[in-house]
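>>> Quick one, structure for this:
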Amino acid sequence: MNKIYKDFNGNVYANKKSMCKAHNIHTATFDSRIRNGWTLKDALEVPARALSLKINIRRGTTDHRGRWFSSITAMCQHYGISRMEYYSRLRQGWSLKETLTTPRNTKYSRRGMVDFQGLVWSSDVAMCDYYGTDYRAYKGRVKNGWPQKKALLTPVAHRLSRMDA
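Next up, the predicted model:
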């Protein structure tokens, strides 16, 4: 069964291909933009690079707003992040908008690790010891998107092992 698609104006289309064709956007471009967190209106309205540069199609990349850059490095420099941070964030599942607009890693100061209260620690382990949180639990929580404060202050629920039962 085909899914019915509706654009930002309320127009109904029998399939995604016909909706994209009506807006002069390739379906792969549309899918990529939606995956990267674009709104439906922007994904359909912002002209693709090939359409906006009709004569001279250049290599490069675009940001979440459709702004063209000569390279990923140039785009990263514009947003003040490193290429390594850019690729790392994308691998972790961040949207393109989050990847580019979230400020550079502010977790570390020049002196060391900074917690939610502004206290500076020599390492994550020292910080976890101070708050009485298991380091592995803290790292797992942060990796799963928990805010630092909640990850440090939520008690660790210990599971019963087979020996305890």
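
>>> Any stretches of this protein with poor pLDDT?
Within the chain, the ranges that satisfy pLDDT under 70 run 1-2, 49-59, 103-112, 158-165.

>>> could you show me where the strands are in it, in order?
Listed in chain order, the strands found in the chain under DSSP state E are 5-6, 12-13, 61-62, 68-69, 113-114, 120-121.

>>> which secondary structure elements does the fifth one contact?
When contacts are defined as 3 or more CB pairs under 8 Å, 6 or more residues apart in numbering; DSSP states H and E, strand 113-114 packs onto strand 120-121, helix 124-131. C-beta: built from backbone N, CA, C; applies to glycine.

>>> As CSV, the ones you listed with mean neighbour count and distance to Asn11 would be great.
Putting those into CSV (neighbours: other CB atoms under 10 Å; distance: least, CB to CB, whole Å) gives the following:
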stretch, mean neighbour count, distance to Asn11
strand 120-121, 16, 55
helix 124-131, 15, 52
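
>>> so which of these gets nearest Asn36?
For Asn36, the closest of the helices and strands packed on strand 113-114 is helix 124-131, at 30.5 Å, according to CB to CB.

>>> Determine which stretch of the strands of the chain is the most buried.
Among the strands of the chain, the stretch with the highest mean neighbour count (mean count of other CB atoms under 10 Å) is strand 61-62, at a mean of 18.

>>> In its sheet, which strands sit next to that one, and in what direction?
Each strand that pairs with strand 61-62, with its direction, by DSSP bridges: strand 68-69 (antiparallel).

>>> Leu90 touches Glu98, doesn't it?
No: at 9.6 Å, Leu90 and Glu98 do not qualify as touching, with contact defined as CB atoms under 8 Å.

>>> Please identify which of the helices and strands packed on strand 113-114 is closest to Tyr86.
helix 124-131 (23.1 Å).

>>> Now do the contacts for the residue positioned nearest the centre of the chain.
With distances taken as CA atoms, centre = their mean, Trp94 lies nearest the centre of the chain, 1.9 Å away. Shown here is Trp94, whose contacts under the criterion CB atoms under 8 Å, 6 or more residues apart in numbering are Thr102.
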